[in-house]
Structures are given as structure tokens and as C-alpha cells.
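> Let me see the structure of the following:
(one chain, ligands or ions: 2)
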Amino acid sequence: MPAHRNPPEVDRVAAARAAVAARRARAAVKAQVASGERSALEVARAAWSEADLPAEKSLRVRDLLTSMSGIGPARAEAVMGELRIAPSKRLGGLGTRQRTALADWLAARGRKRGASKLVVLAGPTAVGKGTVSAHIREHFPDVNLSVSATTRKPRPGEVDGVHYYFVDDAEFDRMIRDRELLEWAVVHNSYRYGTPRPPIDRALDAGDKVMLEIDLQGARQVRDAMPEAVLVFLLPPTWEELVRRLIGRGTESAEEQARRLETAKVELAAQDEFDVRIVNSDVGTAAREVVDLFSAP
Ligand SMILES: Nc1nc2c(ncn2[C@@H]2O[C@H](COP(=O)(O)OP(=O)(O)O)[C@@H](O)[C@H]2O)c(=O)[nH]1
Ligand SMILES: Nc1ncnc2c1ncn2[C@@H]1O[C@H](COP(=O)(O)OP(=O)(O)O)[C@@H](O)[C@H]1O
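Ligands and ions are numbered 1, 2, ... in the order given. Reported below is the predicted structural model:
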């Protein structure tokens, strides 16, 4: 009858088993990226989180990159050279600057391939942002429309928590102070509007689609805070049609209309900052074009 193994051997066997298990766990992560189940950026973010995720943290950057469609070993090596990441580096071992560089690169690639789960819809006043959003809310229920906080008063028919969270100035100040807003801005020189961050993080963590309908200043802030966001600029078919829609809506005084049209001119000039431009001629078509941006790679 064999005597029990001596301790060093037990250690070696245990270590070998652990190494095999770790390799399998990393292979599973790579397979998730290859199948599009998880984006490479999600895996990188997981590796850099506080959570206990040894497979993500020990995954080599090279292996993460080559799991992505269209990236072979040579391209991975070139990208790592460009980002100044040594060939053997593991995700968990990257420094702050390398993490930022890699996250930006992955986000930019994701945007180019239309793989983002976060779409920001902006555009000039009265172009039809609200109308297109309402269409998406009704016809594409798997898209989570962010509900903004605002200091303006509810209009007839508007429901707190559905159209906006209607808050007073003190509460808005508190949300800013407690860093609860992903972005915020004073819109049309009057009230403050902001995007609550926790629901967005929760939805994105769950792999859900999220859309924000916000003004231009807010869109720029989201781009800085979450570079994976796809920024969409909604355009009117013509300038004359934009004027017609603003006047036709009839919700602003003539003076306010004139002021908004001045702002609209400035905003239209910023359209090149956006990733995608969509002309809102027909509401259903424009909505479909926006929703199509969510399709997985
Ligand atoms: N930055 C920012 N802008 C927002 C937010 N929510 C709404 N807006 C913008 O605020 C503007 C005013 O919206 P609203 O009060 O509904 O009036 P509207 O101009 O008649 O549509 C629109 O341009 C929205 O895109 C937000 O959370 N952040
Ligand atoms: N594709 C479209 N064709 C014609 N009218 C439209 C279209 N989209 C929106 N409108 C109308 O234009 C006006 C402004 O739309 P709205 O959604 O309030 O704009 P925004 O939210 O961008 O300020 C509304 O009266 C709306 O019914």
C-alpha cells in the first residue's frame, strides 16, 4: 500500500491542477470575446475592477486582442507596440496610463464597428429628438431610454420618473455633489438637465442597450467620460424644415423661437464632432437607423 504522498509532491499536483483550471478559465473568457458575448472592453474593465476575477486579471493583453475578430498575432503585436504595452503583459499588470490607452483604443475600435451598447442622440432644437426617442420607446422596448433629472417644472401630461425626474435646485446640487450625474448642462439658458449615472452603469453591466437623448454639451461630456459611446447627430432634411417644425410645435414664444434658432445654427456647425449623422425625414426610418447602431459586431 503506498504511503501518502510527501507534501512537496502534493503541492506540485495541486499547483498543476490550479494552473490547468486557470488556463481553462482564461480560454473561456477568450471564447466569450470571440463569440461577441462580451466585448474586449468589458473584459478589460472587469480585470481592472475590485472584483475577484482571476481569469480576467491574468489574461494576457495579446490573448485578449487576438480573441477579437479581425485581429491576428501580428496586428496584436503592432497595437501593443503603439500603446507601449510589453508583449507578455497581463491585463491586471497594466499601469494606469496603459489601461487608459488600451481602453481608449478598444472603445474607438468598438465605435468604428458599431458595437457599442451606449448610444447618445443629440441634435438641434425641434429636429425631432423627442419624437424619434418616443418612437424607439414604443417600438424597441429592449432599448433602455435614460430618464434625466431636470429642474424645470413638469408640463401637462409629463410623469415624474417616466419623462424626467423633476427635482428642485437643492436636489440637483446634491446629485452633482454626490457624483450621481454622468453629465449635466444648463439647456436653452434656463434649466439644468442631467443624466443619472447608476441606472446606466447597471444596464451596461447587464449587457443591455442604453440610449441617452441629451443636448450637445451633454453629449460632449459623455464622450469624455465613456469613450465607447456612439454619438449620433440628428439632422433636419433642410433648414427651412427645421424652422417649420419649431414653429409648428408651437411650444415657444416668438422670441424664444428666435433664440433657439440662433443656437441651432451653432449646433449644426458641430455635427462633424459626431460619429454618425442621421437625417430625420421619416420618424420610423430615423428611429430604425438609430437602433441599428446597437447591433453586435
Ligand atoms: N445635457 C443634457 N441635456 C438634456 C438632458 N435631458 C434632456 N436634455 C435636453 O434638454 C433639452 C430640453 O428638453 P425639454 O425640456 O424636454 O424641452 P424641448 O426642448 O421642448 O424638447 C433637449 O435639447 C434635450 O435634449 C440631460 O440629461 N442632459
Ligand atoms: N420626421 C418628422 N417629420 C415631420 N415632423 C416631425 C418629424 N420629427 C419630428 N417632427 C415634429 O417636429 C416638432 C419638433 O419635434 P421634437 O421631437 O419636439 O423635437 P426636439 O425634441 O428635437 O426638440 C414636433 O412638432 C414633431 O411632431
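> Return the set of buried residues in the worst-scoring helix or strand of the chain on mean pLDDT.
For the chain, scoring each helix and strand by mean pLDDT, DSSP states H and E identifies helix 197-205 as the least confident one, at a mean of 87. Buried residues in helix 197-205, counted by 16 or more other CB atoms under 10 Å: Arg197, Ile200, Ala203, Leu204. For glycine as for every other residue, the C-beta is placed from the backbone atoms N, C-alpha and C.
> Check which helices and strands it sits against.
Judged by 3 or more CB pairs under 8 Å, 6 or more residues apart in numbering; DSSP states H and E, helix 197-205 is in contact with strand 181-187, strand 209-213.
> and of those strands, who's closest to ligand 2?
Ranking those by distance to ligand 2, with CB to the nearest ligand atom as the measure, places strand 209-213 first at 7.5 Å.
> in terms of contact, does Ala40 touch Val33 like I think?
Yes. If you go by CB atoms under 8 Å, Ala40 and Val33 touch, sitting 5.4 Å apart.
> Name whatever forms a beta bridge with the spatially closest residue to Ile176 that is not a sequence neighbour.
Nearest-residue entry for Ile176: Trp184, 6.5 Å, with adjacent residues in sequence omitted and distances by CB to CB, 6 or more residues apart in numbering. Note on Trp184: beta-bridge partners by DSSP bridges are Gly194.
> pLDDT wise, what is Trp184 at?
pLDDT, Trp184: 97.
> contacting residues for it?
Contact partners of Trp184, counting by CB atoms under 8 Å, 6 or more residues apart in numbering, are Ala149, Phe172, Met175, Ile176, Arg192, Tyr193, Gly194, Thr195, Gly218, Gln221.
> same deal with Gln32?
With CB under 8 Å, 6+ apart, Gln32 has these contacts: Arg38, Val43.
> 6 Å instead, please
Gln32 makes contacts with Arg38, as judged by CB atoms under 6 Å, 6 or more residues apart in numbering.
> which SS state does it fall under?
Under DSSP: H, G, I helix; E, B strand; the rest coil, Gln32 falls in the helix class.
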